[in-house]
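Enquirer: turn this into a structure:
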Amino acid sequence: MTSNEMINIESPATKRIALVAHDNMKREMLEWATEHKDELKRHTLIATGSTGQLIADSTGLTIERMRSGPLGGDQQIGARISEAGIDVLLFFWDPLEPQPHDPDIRALLRIAVVWNIPVACNRASADFILSSPLIGATYQRRVPKY
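Expert: Next up is the predicted model:
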């Protein structure tokens, strides 16, 4: 495939949002999700295992849970992205702590960029994405021709 083989696909107004957080960032993700609970409940939420469980238990939000990140959850979310099944990735990662599954993390971030979805790696960027008028609107994005 060459880089000019692209097509437009539509991200729906109800976004499919993936939530991922490293262990040291789970509290930050939970605080953020609690603060934005009303907006998040308007969307479809998918998360890695323990992050999804923590947020669902604490907020009552409905979340489809994948496996834990190190046990393949990052890869499951990456697969969903490549199938045009995720529109936004909110991945609160810990840049100061080495991760044994770093190749999976890099692959997840890479696939998000390849498939042209918005990615937030911290609370500030997640705030900007969720407050964008585009979060509740349909959006045409260019993706690799599949």
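
Enquirer: what does the biggest helix by length in the chain contact?
Expert: Looking across the chain with DSSP state H, the single longest helix is helix 102-114. Helix 102-114 has contacts (C-beta atoms under 8 Å, 6 or more residues apart in numbering) with 20, 69-70, 72, 74-75, 77-78, 81-82, 89, 91, 93, 99, 119, 144. (C-beta placed from N, C-alpha, C; glycine too.)

Enquirer: from Tyr146, how far out is Phe91?
Expert: 23 Å (C-beta to C-beta, to the nearest Å).

Enquirer: who's more crowded, the two?
Expert: Between Phe91 and Tyr146, counted using other C-beta atoms under 10 Å, Phe91 has the larger neighbour count: 26 against 11.

Enquirer: pLDDT score assigned to that one?
Expert: With respect to pLDDT, Phe91 scores 96.

Enquirer: that one: what secondary structure?
Expert: strand (DSSP: H, G, I helix; E, B strand; the rest coil).

Enquirer: list the buried ones in the helix or strand containing Ile55?
Expert: If you go by DSSP states H and E, Ile55 is part of helix 49-59. Residues of helix 49-59 classed as buried by neighbour count (16 or more other C-beta atoms under 10 Å): 49-52, 54-56, 59.

Enquirer: center of the chain - which residue?
Expert: Nearest to the geometric centre of the chain sits Leu89, at 2.1 Å (C-alpha atoms, centre = their mean).

Enquirer: quick check: it touching Ile117?
Expert: Yes: at 5.9 Å, Leu89 and Ile117 qualify as touching, with contact defined as C-beta atoms under 8 Å.

Enquirer: on that earlier part again, of the contacts of helix 102-114, buried ones?
Expert: 20, 69-70, 72, 74-75, 77-78, 81-82, 89, 91, 93, 99, 119.

Enquirer: select from those residues every entry located in helices.
Expert: Those of the buried ones among the contacts of helix 102-114 mapping onto helices are 74-75, 77-78, 81-82, per DSSP H.

Enquirer: model confidence score at Asp104, please.
Expert: pLDDT, Asp104: 79.

Enquirer: now Thr2
Expert: 51.

Enquirer: then Leu71?
Expert: 85.

Enquirer: show the pLDDT at the nearest residue to it once chain neighbours are set aside.
Expert: Closest residue to Leu71 apart from its sequence neighbours, by C-beta to C-beta, 6 or more residues apart in numbering: Gly49 at 7.4 Å. pLDDT for Gly49: 94.
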